[in-house]
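Engineer: Sequence and predicted structure below; questions after.
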Amino acid sequence: MGKGRRKFLQQLIGVSGAAGLSAVPSLSHASTPKAQVKDIRLSKSDGYVRLVFDMDRSVQHSIFSLHQPERIVLDLKNASMPHGMIDMIQANSLIRGIRSGIQNGHDLRVVFDLHEQVSPRSFILTPSGEAGHRLVLDLHDSEKKSEKIVSKKAPKKELRDVVIVIDAGHGGRDPGATGRKGTKEKTVTLQMARKLEKLINNQRGMKAVLTRKDDRYMKLRHRIEKARKSNADMMISIHADSFPDPRARGSSIFALSVNGASSEMAQQLAENENASDVMFGDVSLTNDDPMVNKVLLDLSFTGGIESSLDIGDEVLKQIGTVNKVHKKTVQQAGFAVLKTPNIPSVLLETAFISNPREEKNLRSSAHQLKVAKAISRGVNSYFLRKAPPGTWLSEAITDYKVKPGDNLAVIANRFNTSVDNLRARNALQSNNLNAGQVLKIPVS
């Protein structure tokens, strides 16, 4: 291996190692348990800067202002922070610099040196979903400056839609599996794909793209190319299973596996699906070194597989509400149509077309709609947690904790948004709210 290639791989390993070490908690205060700052995130919006301190537990805090020069002081009781973490926050038009230190031997003090006077506001967020304890500090511009910003009517930030590519399995001269009543897989998959497309396009912040809109044959690599050209954030391939024993029934979800199938059935199914396209076509990489290409490809697949398994879990939960689940966990196999680097992809076997009862359901427009709605709910749940940066779904003015007596109309009016926007941003399936529930307030 040449020096250049070895250097590249060493750097790659070094980055991975550094990422792993950064997650190791500090043990310097093990004798006196303290609240630990795990991460600090900064975001800017019109009129204020928001800092979010991710904590490992709830923490008491206080803030106060100092003038000439302008400063904001944040004190966290019985807390500590890894050395150098504060340096990750870069200076900006409002914050000139940040310093931190220990007060009274056990309290953490963070001092924000400012370019001008601000109005601080802070609040605590309790764990919700994957998010843990958070301390939020908002630094609002002075009233005079805020008025100037409003009068200028700065252009709104351009936010894109999340793109979901829906792949209706088989088509044209490739009918896929056929049921006892003559139901063709290619027909029912397209019908469900169209219903799912409509459901997704009816939601703000989402856009659906079909790989095929009619009964046409498409090579697997062409389906992947369609996903890439559409800049897809997710790809869902819809199929209907078949098995010699007509008693086999239920839905299954599959993600790509680099190292082999998770079950014998998954392997057999992948071979059958891949057989419709003899030549898959390798992914084109610009680097001439085969070993470097393999490392890069493996890394892109691995990142995509982790997200695919996450998506598959969400969809599988919802599918289980409308149909029996054949496998209770996401299966893995080497499906060619899932080999889309950097695009999380799942393949859904909606039911066994070889089972008489499930074939009847697959032919039913009402049942197809139930399946499409279940898929849509799973997609919503995933993007509620992991919307890509720069999308409408990723943006929120603030988090709002629902109070007794609140309803969506009242909250929407309070934050100058709409009920539809609130439902879309929070993947709500109804208007019902629970006290203590945390809502993301969307940008208007």
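Structural biologist: That came in fine, so what should we check first? Numbers count the residues shown, from 1 in each chain.

Engineer: Show the average pLDDT along stretch 377-387.
Structural biologist: What stretch 377-387 shows for mean pLDDT is 88.

Engineer: Name the residues of it that are buried.
Structural biologist: Residues of stretch 377-387 classed as buried: 377-384, 386-387 (neighbour count, 16 or more other CB atoms under 10 Å). Every residue, glycine included, has its C-beta placed from N, CA and C.

Engineer: Next: stretch 203-210.
Structural biologist: Neighbour-count burial for stretch 203-210, with 16+ other CB under 10 Å as criterion, is recorded at 203, 205-210.

Engineer: Quick check: the farthest pair among those residues?
Structural biologist: Within the buried residues of stretch 203-210, 205 and 210 form the most distant pair, 18.8 Å apart (CB to CB).

Engineer: In terms of helix, strand or coil, where does residue 376 fall?
Structural biologist: Taken by DSSP: H, G, I helix; E, B strand; the rest coil, the conformation at residue 376 corresponds to helix.

Engineer: So residue 88 sits against residue 51, correct?
Structural biologist: No. Checked against CB atoms under 8 Å, the pair residue 88 and residue 51 is beyond contact range at 11.2 Å.

Engineer: These two - which one has more neighbours?
Structural biologist: For the pair residue 88 and residue 51, the greater number of neighbours falls to residue 51 (20 against 11), based on other CB atoms under 10 Å.

Engineer: The helix or strand hosting residue 50 packs against which elements?
Structural biologist: Element membership of residue 50 [criterion: DSSP states H and E] is strand 48-55. The criterion is 3 or more CB pairs under 8 Å, 6 or more residues apart in numbering; DSSP states H and E, and the helices and strands that strand 48-55 contacts are strand 35-45, strand 133-141.

Engineer: Give me the contacts around the helix or strand following it.
Structural biologist: Sequence-wise, the next helix or strand downstream of strand 48-55 (DSSP H and E) is strand 61-66. Residues from elsewhere that reach strand 61-66 (CB atoms under 8 Å, 6 or more residues apart in numbering): 71-77, 117-118, 120, 122, 124, 135, 137.

Engineer: give me the element residue 420 is part of.
Structural biologist: Once you assign secondary structure using DSSP H and E, residue 420 falls within helix 419-426.

Engineer: one step back: list the neighbouring strands of the strand holding residue 50 plus their orientation.
Structural biologist: Taking DSSP bridges as the criterion, strand 48-55 sits next to strand 35-45 (antiparallel), strand 133-141 (antiparallel) in its sheet.

Engineer: between these, which gets nearest to residue 393?
Structural biologist: With CB to CB as the measure, strand 35-45 is the member of these nearest residue 393 (15.3 Å).

Engineer: Can you mark which positions in the closest one are buried?
Structural biologist: Burial within strand 35-45, assessed by neighbour count using 16+ other CB under 10 Å, is assigned to 35-38, 40.

Engineer: Ok, stretch 349-359 next?
Structural biologist: Neighbour-count burial for stretch 349-359 flags 349-355, 358-359 (criterion: 16+ other CB under 10 Å).

Engineer: sec struct for residue 209, please.
Structural biologist: The three-state label given to residue 209 by three-state DSSP is strand.
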